[in-house]
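Student: here's a sequence, model it:
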Amino acid sequence: MEIENRKARHDYFIEETYECGIALVGTEIKSIRQGKVNLKDSYGIIKNNEVFLLNMFISPYKEASIYNVSETRTRKLLLKKKEIKKIKQDIEQKGLTLIPIKMYFKKDKIKVELGICRGKKNYDKRETIKQRDEKRELEKMQKYRY
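Tutor: Model (predicted):
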């Protein structure tokens, strides 16, 4: 199962991506398995040479009453020191943002694909929509040709 942040591809140019682990509590993992996650408004920060993910919404697990934690709590991302230094350097020099692009299972671990992104202007978004529509029209025409 894969949870994707569709808004990220619409609002940002993705320069580079990193696969990282995430520190979670057991009830959060059960909610993620049910697909009750929202990555839309979340973003990453670097504090004390550690990467954290803010505003990621994981709805509380229904069957675990007292063990649930806050839905939008700050969660730590697990990356190597070398990767964190490179990300920090890119963010400080180029003025880029850390955005989670998707969340998925790899074996039994939950991984987050973190993107170093540059924001799009309104005209860039319109251009993206235009290209997507043209591509869709071409596919439709090719489908009817055969």
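Student: residue contacts, residue 67?
Tutor: 25, 26, 27, 61 (CB atoms under 8 Å, 6 or more residues apart in numbering). (Each C-beta comes from the backbone N, C-alpha and C, glycine too.)
Student: wait, the last one sits on residue 32?
Tutor: By that I understand residue 61. No: at 9.5 Å, residue 61 does not count as touching residue 32 under the criterion of CB atoms under 8 Å.
Student: can you give me the distance of residue 135 to residue 8?
Tutor: Residue 135 sits 19 Å away from residue 8, going by CB to CB, to the nearest Å.
Student: looking only at neighbour counts, state which of the two leads.
Tutor: The residue with more neighbours, out of residue 135 and residue 8, is residue 8; 21 against 10, by other CB atoms under 10 Å.
Student: please verify my assumption that the more buried one contacts residue 101.
Tutor: Yes: at 5.2 Å, residue 8 counts as touching residue 101 under the criterion of CB under 8 Å.
Student: mutual contacts of the two, please.
Tutor: 14, 39, 115.
Student: in the chain, where is pLDDT below threshold?
Tutor: Within the chain, the stretches with pLDDT under 70 are 146.
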